[in-house]
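Undergrad: Attaching a predicted model along with its sequence, questions to come.
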Amino acid sequence: MRRIISVLIENEPGALSRVIGLFAQRNYNIETLTVAPTEDESLSRLTLSILAGNEQAEQITKQLNKLIEVVKLIDLTEGEHIERELMLIKLQAAGAQRAEVKRTSDIFRGQVVDVTQSTYTIQLTGTTEKLDAFLKALPESSVVEVVRSGVSGLARGEKVLTV
Amino acid sequence: MLIRALQDEGVDHVFGYPGGAVLHIYDAVFRQNRIQHVLVRHEQAATHMADGYARSTGRPGVVLVTSGPGATNAITGIATAYMDSIPMVVISGQVQSHLIGTDSFQETDMVGVSRPVVKHSYLVRTASEIPETIKKAFHIATSGRPGPVVVDIPKDMTDPTNLFDYNYPEKVTMRSYSPATRGHTGQIKKAIRLLAKCERPMIYAGGGVVQGDASSQLIELTRLLGFPITNTLMGLGAFPGTDKQFLGMLGMHGTFEANNAMHHSDLVFAIGARFDDRITNTVSKFCPYAEIIHLDIDPASISKTVKADVPIVGPVDTVLDEMIKLLEPEVAARSEKQQQMLKEWWEQIEGWRKQDCLAVNRDESEDIIKPQEAVQAVYKATNGKAYVTSDVGQHQMFAAQYYPFDAPRKWINSGGLGTMGFGLPAAMGVQVAFPDEQVVCITGEGSIQMNIQELSTCSQYGLPIKIINVNNQSLGMVKQWQDMQYEGRHSHSYMDSLPDFVKLVESYGHVGFRIESRDELEPIMAEAMAIKNKLVFVDILVDPSEHVYPMLIAPNGSLRDMWLSKGVRT
Ligand SMILES: Cc1ncc(C[n+]2csc(CCOP(=O)(O)OP(=O)(O)O)c2C)c(N)n1
Ligand SMILES: [Mg+2]
């Protein structure tokens, strides 16, 4: 099952390499990883999406918690949560394709953020599934370049991850 | 500043080797006398010495090495300590901070290289943070589940011309690190209920009891309950090895009775143990009838390989104290029927014990010494009271099987990593910590040669260790596996061109004996042990064809599937 683990970690040099090292060392897979400082600049927030069964996910969260720099973490997929991913995608948009590409983008509420004679660059945010669906809906030949941010997320409602 | 911080931390010994990046530090070592520095001959040995010091005393071992090759040489010892959860602080020099990242002379990314084998590590970024970093390093190394911590210090950070206000913190608090200080009451109560109603219980205790200084609690609990107990290789001595309730070691080379009792048990109480693959054999066939209570300081050890029915995270000593109090009335109120069930369980166990699985199989007409007899002779000559370190191989298993330990911290071996070359330097660390105690290193002719250069360090510091070389002229453990799994093809498991060990040790100024026949064994052993102020090396020629038994049958075997002797299985 796909899980989203959100981690508060000391904003110190080397901390991120320990998280990544842990995954390599213990043979866990990372699907996506995003990291940036939080409003409290002594902390970074890291979001990992991983594929793991229940037992493995439990081990992963325990092992992450064991890292000295990890302050707190939460498995967002255990409760209701919001998740978003950002995608920038450069598309071949010449001739007849141009209108078609724009229409598909509109359906998915994509925003055109850069235009040339022959390309559109579209920005799209949403769940991973939505971004995947958009990619599927496009004619394969039109995709020139894709960059995705990886998942970020928060728990819904009152639940928060703070120190 | 660094040395002062170490003094303030109460460090009395540092094991190390100098080099360019630590010259400032070595100058500071020279100009003080509160910390004694022990100069080794190879940095790996420094880490094993610090490790032996830590295992025997419970206090963290401290290592000082230079950058580059000094640091990388220390890695094996750091990994050894990591696998067995041993508190250690390793200070490594680093090139000057402005040179980091430029592939400068003797630069290695020590924090990166050591990352998978440390509990934590620091790269010092400003000199003024040294005292606090040292405090944190010791705090992390010694608390919770202990482990090695690396502090990498660029040379310019120890430049004595840069002066700072020095202030050593009394204690540190870290928001991201706070190991459990007591167990969860609800879980403890659940465990008590299971312990009160079980019929075929087993206590399975590991190195966590030794490291957690909970041996007296373990003894009290086990006596109170009247349950059978087994120890892991790392836990030997946590419960007295000569006690009737003790069934011997379990696992790969565990006893017939311990492995069978585990297999048939209906309640396994695991204490400071981690269900290692050398214990479980095939995980899906492990303890098929048992519910499992698992007490450990490290939450990640619980339900990692074997699912715990009742997990308890906490320090073993505190939790066991609490459990003993709660169990006293339960035991007093035991019903007739329960007492009867426990009695029958013990009868079954005594039946397994009758197998006498450790009886030495020998042809009385032959003069050849069996390796087991060598260990038995050590036991006899030391009255079972010595600190015993071992290397890795058959001799290690024979030591674990034939030298019952009655106290914790007396048996010192590399269980998790299985590091050949550990035994001699570890014994040196013990002898440094306890100059007046009998320290014995049981080794093999393969392992001893991995750190034999330390015989020189032993002469420099006058360490009167007794080295028992169980010399089977082969990498015995490798050969045993080749006999059993590769139709006896002994690919590179033969130790050809061995040195004359007696002459070798004499050249360092030590005493050497060679034993070749049975009648010499006990007298020479006694003579060797009686030499108090000298290192003595006893080279014992033993049967090269001997195997270690019992041995679990893998793959697909359970804990009751064992080889009992050559060609004889359960
Ligand atoms: C550093 C290292 N290299 C290789 C091994 C693999 N190994 C395990 S036991 C063993 C043989 C040890 O031989 P010896 O020290 O003579 O002990 P014996 O088994 O003969 O008693 C070897 C090579 C190891 N454990 N450690
Ligand atoms: Mg050998």
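TA: Arrived safely. Ligands and ions are numbered 1, 2, ... in the order given.
Undergrad: so what's residue B:503 up against?
TA: residue B:512 (CB atoms under 8 Å, 6 or more residues apart in numbering or on different chains). C-betas here are computed from N, CA, C, even on glycine.
Undergrad: which SSE is it in?
TA: Applying DSSP states H and E as the criterion places residue B:503 in helix B:501-507.
Undergrad: right, and the helix or strand after that helix?
TA: Immediately after helix B:501-507, counting by DSSP H and E, sits strand B:511-515.
Undergrad: Chain neighbours aside, what residue packs nearest to the residue of chain A found nearest ligand 1?
TA: Ranked by CB to the nearest ligand atom, the top residue of chain A for proximity to ligand 1 is residue A:25, at 20.1 Å. The shortest distance from residue A:25 to any non-neighbouring residue, by CB to CB, 6 or more residues apart in numbering or on different chains, is to residue B:116 (4.8 Å).
Undergrad: what number of residues lie near the one you found?
TA: 15 (other CB atoms under 10 Å in any protein chain shown).
Undergrad: Check the one 3 residues further on too.
TA: For residue B:119, the count of nearby residues is 24 (other CB under 10 Å).
Undergrad: The one 5 residues further on now?
TA: Residue B:124 sits with 20 neighbouring residues when counted by other CB under 10 Å.
Undergrad: In three-state terms, label the closest residue to it other than its chain neighbours for me.
TA: Nearest non-adjacent residue to residue B:124, counting by CB to CB, 6+ apart: residue B:153, 4.7 Å away. The three-state label given to residue B:153 by DSSP: H, G, I helix; E, B strand; the rest coil is strand.
Undergrad: for residue B:153, what are its contacts?
TA: So residue B:153 contacts B:2, B:25, B:91-94, B:124, B:130 (CB under 8 Å, 6+ apart).
Undergrad: Residue A:155: which of these is nearest?
TA: residue B:124 (37.6 Å; CB to CB).
Undergrad: Against residue B:94, how distant is that closest one?
TA: Distance, residue B:124 to residue B:94, using CB to CB, to the nearest Å: 8 Å.
Undergrad: intersection of neighbour lists for the two?
TA: Contacts common to residue B:124 and residue B:94, judged by CB under 8 Å, 6+ apart, are B:152-154.
Undergrad: Can you pull the phi/psi pair for the closest residue in space to residue B:174 that isn't next to it in sequence?
TA: Once flanking residues are discounted, residue B:174 sits nearest to residue B:136: 6.9 Å by CB to CB, 6+ apart. Backbone torsions for residue B:136, taken as degrees, to the nearest 10, come to phi -60, psi -40.
Undergrad: interface residues of chain B facing chain A?
TA: Counting by CB under 8 Å from any CB of the partner chain, chain B comes close to chain A at B:111-112, B:115-116, B:119-121, B:123, B:125, B:140, B:174-177, B:298-300, B:303-304, B:307.
Undergrad: please redo it, this time with the cut-off set to 6 Å
TA: Those residues of chain B that sit near chain A, judged by CB under 6 Å from any CB of the partner chain, are B:115-116, B:120, B:175-177, B:299-300.
Undergrad: How about the contacts made by residue B:90?
TA: B:63, B:74, B:78, B:150 (CB atoms under 6 Å, 6 or more residues apart in numbering or on different chains).
Undergrad: Output those residues in JSON lines, with neighbour count, pLDDT and distance to residue A:58 appended to each entry.
TA: Conversion of those to JSON lines gives the following (neighbours: other CB atoms under 10 Å in any protein chain shown; pLDDT from 0 to 100; distance: CB to CB, whole Å):
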{"residue": "B:63", "neighbour count": "29", "pLDDT": "98", "distance to residue A:58": "35"}
{"residue": "B:74", "neighbour count": "32", "pLDDT": "98", "distance to residue A:58": "34"}
{"residue": "B:78", "neighbour count": "31", "pLDDT": "98", "distance to residue A:58": "28"}
{"residue": "B:150", "neighbour count": "29", "pLDDT": "98", "distance to residue A:58": "29"}
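Undergrad: just checking, which of these belong to helices?
TA: residue B:78 (DSSP state H).
Undergrad: Show me which of the contacts of residue B:90 is closest to residue A:140.
TA: residue B:150 (49.6 Å).
Undergrad: roughly how far apart are that closest one and ligand 2?
TA: 33 Å (CB to the ion, to the nearest Å).
Undergrad: Just give the nearest non-adjacent residue to that residue, would you?
TA: Closest to residue B:150 by CB to CB, 6+ apart is residue B:121, at 4.0 Å.
Undergrad: Look through chain A and report the residue furthest from the middle.
TA: Distance from the C-alpha centroid of chain A peaks at residue A:95, with 33.2 Å (CA atoms, centre = their mean).
Undergrad: quick one: residue B:116 and residue A:26 touch, right?
TA: No - when contacts are counted by CB atoms under 6 Å, residue B:116 is not listed as touching residue A:26 (9.4 Å).
Undergrad: Local confidence estimate at the residue nearest to residue B:124?
TA: Model confidence at residue B:153, expressed as pLDDT, equals 98.
Undergrad: hey, what's it bridged with?
TA: residue B:93 (DSSP bridges).
Undergrad: quick one, what contacts residue 34?
TA: With no chain named, the answer covers chain A. A:47, A:149-150, A:152.
Undergrad: You answered for a different chain; I wanted chain B.
TA: residue B:7.
Undergrad: go on, residue B:393?
TA: B:444, B:476-477 are the contacts of residue B:393 under CB under 6 Å, 6+ apart.
Undergrad: switch to 7 Å and redo it
TA: For residue B:393, the contacting residues are B:444, B:446-447, B:475-477, by CB atoms under 7 Å, 6 or more residues apart in numbering or on different chains.
Undergrad: out of the residues you listed, which one sits closest to residue A:30?
TA: residue B:477 (37.8 Å).
Undergrad: is it true that that closest one touches residue B:394?
TA: Yes - here residue B:477 reaches residue B:394: they are 4.9 Å apart, a contact under CB atoms under 7 Å.
Undergrad: Which element, helix or strand, includes residue 50?
TA: No chain in the question, so chain A it is. Going by DSSP H and E, residue A:50 is part of strand A:43-51.
Undergrad: was after chain B, sorry
TA: Residue B:50 belongs to helix B:43-57, assigned by DSSP H and E.
Undergrad: so how far is that helix off the chain centroid?
TA: In this view, helix B:43-57 has its centroid 11 Å away from the chain centroid, taken as CA atoms, centre = their mean, to the nearest Å.
Undergrad: can you give me the helices for the stretch 251-400 of chain B?
TA: B:256-264, B:277-280, B:316-332, B:336-353, B:371-381, B:394-402 (DSSP state H, counting those that start in this stretch).
Undergrad: The helix or strand where residue A:33 lies pairs with which strands, and in what direction?
TA: Assessed by DSSP H and E, residue A:33 sits inside strand A:30-37. If you go by DSSP bridges, strand A:30-37 pairs up with strand A:43-51 (antiparallel).
Undergrad: Flag every buried residue along the strand it pairs with.
TA: Buried residues in strand A:43-51, counted by 16 or more other CB atoms under 10 Å in any protein chain shown: A:43-50.
Undergrad: which helices and strands does the helix or strand following it pack with?
TA: Next in sequence after strand A:43-51, counting helices and strands by DSSP H and E, comes helix A:54-66. Under the contact definition 3 or more CB pairs under 7 Å, 6 or more residues apart in numbering or on different chains; DSSP states H and E, helix A:54-66 sits against strand A:2-10, helix A:15-25, strand A:70-75.
Undergrad: quick check: mean pLDDT across helix A:54-66?
TA: Here the average pLDDT along helix A:54-66 is 95.
Undergrad: before we move on, what about stretch B:12-20?
TA: On average, stretch B:12-20 scores 98.
Undergrad: Start and end of that stretch, how far apart?
TA: In stretch B:12-20, first residue to last residue: 24 Å (CA to CA, to the nearest Å).
Undergrad: just checking, residue B:73 touches residue B:44?
TA: Yes - applying CB under 7 Å, one finds residue B:73 in contact with residue B:44, separated by 5.4 Å.
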